[in-house]
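Chemist: Turn this into a structure:
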Amino acid sequence: MGINFNLPDDGPTETVWITCTDKDRTIQADIVSQRQNEIIMLTKDTGIRMSFRKANSFGKVKQGVWISNMAGMEFVYTE
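Modeler: Here you go, the predicted model:
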């Protein structure tokens with residue numbers, strides 16, 4: 001039994017903009033899967049799969065704000 005990294009077959013549901021807060025750069029990504037507490041995105045330019053979780057500040061969830069960490073950098077998606 002292993003981990004399945006395959007993306008859903010039905011393709012992306014929406015194209016959105018995500019921001020790298022460390023580099024102050026905004027890029028496009030496709031939402032490929034969305035659950036209550038997680039959004040899986042695939043970046044348009046590099047095809048990197050990213051997992052976003054609801055933003056949490058001092059134990060309080062920030063509505064409509066999602067955070068991902070990749071390669072030591074933070075990425076933010078705001079609904």
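Chemist: wait, what's in contact with residue 69?
Modeler: residue 75 (Cβ atoms under 8 Å, 6 or more residues apart in numbering). Heads up, the C-betas are built off the backbone N, CA and C, glycines and all.
Chemist: what is it paired to in the beta sheet?
Modeler: residue 74 (DSSP bridges).
Chemist: just residue 43 next, same as before
Modeler: residue 29.
Chemist: Quick check: which ranges of the chain have low pLDDT?
Modeler: Scanning the chain for pLDDT under 70 picks out 1-12.
Chemist: middle-most residue in it, spatially?
Modeler: residue 52 (3.7 Å; Cα atoms, centre = their mean).
Chemist: nearest spatial neighbour of it, skipping sequence neighbours?
Modeler: residue 66 (3.9 Å; Cβ to Cβ, 6 or more residues apart in numbering).
Chemist: The one you found against residue 55, yeah?
Modeler: Yes: between residue 66 and residue 55 there is a contact at 6.3 Å, judged by Cβ atoms under 8 Å.
Chemist: which one of these two has more residues nearby?
Modeler: residue 66 (23 against 16; other Cβ atoms under 10 Å).
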